[in-house]
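[1] the sequence and its predicted three-dimensional model are supplied below.
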Amino acid sequence: MTEVTINGVARQLAADPDMPLLWAIREELGLTGTKFGCGIAQCGACTVHLDGAAVRSCTIPLRVAAGRSVTTIEGLATSDGLHPVQQAWIAEQVPQCGYCQSGQIMSAAALLATKPAPTDADIDAAMRGNICRCGTYARIRRAVKRAAGQEQSDG
């Protein structure tokens with residue numbers, strides 16, 4: 001048994017400790033908001049927070065998360081409402097196909113937790129590892145700025 005706190009709830013998982021965290025989240029817990037993209041930590045679709053830091057869950061063994069706190073897209077909102085990044089994503093109409101968006105949102109939320117007023121360079125660096133095949137990068141940047149309270153009026 002591996003004990004991991006997922007979205008604030010301590011869970012005992014009877015999964016292979018070498019199972020990727022992504023599959024433990026999706027298959028063992030049924031939390032399917034975190035997506036499989038590439039399986040080699042290059043696309044960002046599987047991004048979650050591990051003790052607050054954005055990580056690629058497809059290459060993190062479950063054993064690495066033992067005794068630690070994991071937040072998935074399902075745990076980002078609180079009983080008070082959506083996370084500011086989620087609100088900004090809606091306001092800026094970021095998604096097209098939407099597949100990469102949970103990973104994008106988790107990366108953006110981790111950035112804003114450490115840099116509440118990021119520059120364009122900060123945003124680019126933090127989001128670089130998240131691939132959006134639809135190319136919504138300009139909307140992603142606007143949404144991150146909006147969530148940081150730096151929204152710009154551009155029509």
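    Cool, the structure landed. Bear in mind that the values here come from a model prediction, so they are computed numbers and not experimental data.
[2] what sits against the residue nearest to R56 when sequence neighbours are not counted?
    Computed as CB to CB, 6 or more residues apart in numbering, the closest residue to R56 that is not its neighbour in sequence is A41, at 3.7 Å. Just so you know, the C-beta spots here come from the backbone N, C-alpha and C atoms, and that holds for glycine as well. A41 makes contact with R56, C58, T59, according to CB atoms under 8 Å, 6 or more residues apart in numbering.
[3] ok, so what distance separates the last one from T136?
    Okay, so that is T59. 25 Å (CB to CB, to the nearest Å).
[4] between these two, which is the more surrounded one?
    Neighbour totals were compared for T59 and T136, and T136 leads with 22 against 16 (other CB atoms under 10 Å).
[5] ranges for the strands of this structure?
    With strands called from DSSP state E, the chain shows them at 2-6, 9-13, 47-50, 53-56, 69-71.
[6] return the member of the contacts of A41 nearest to C132.
    Taking CB to CB as the measure, C132 sits nearest to R56 out of those, at 15.6 Å.
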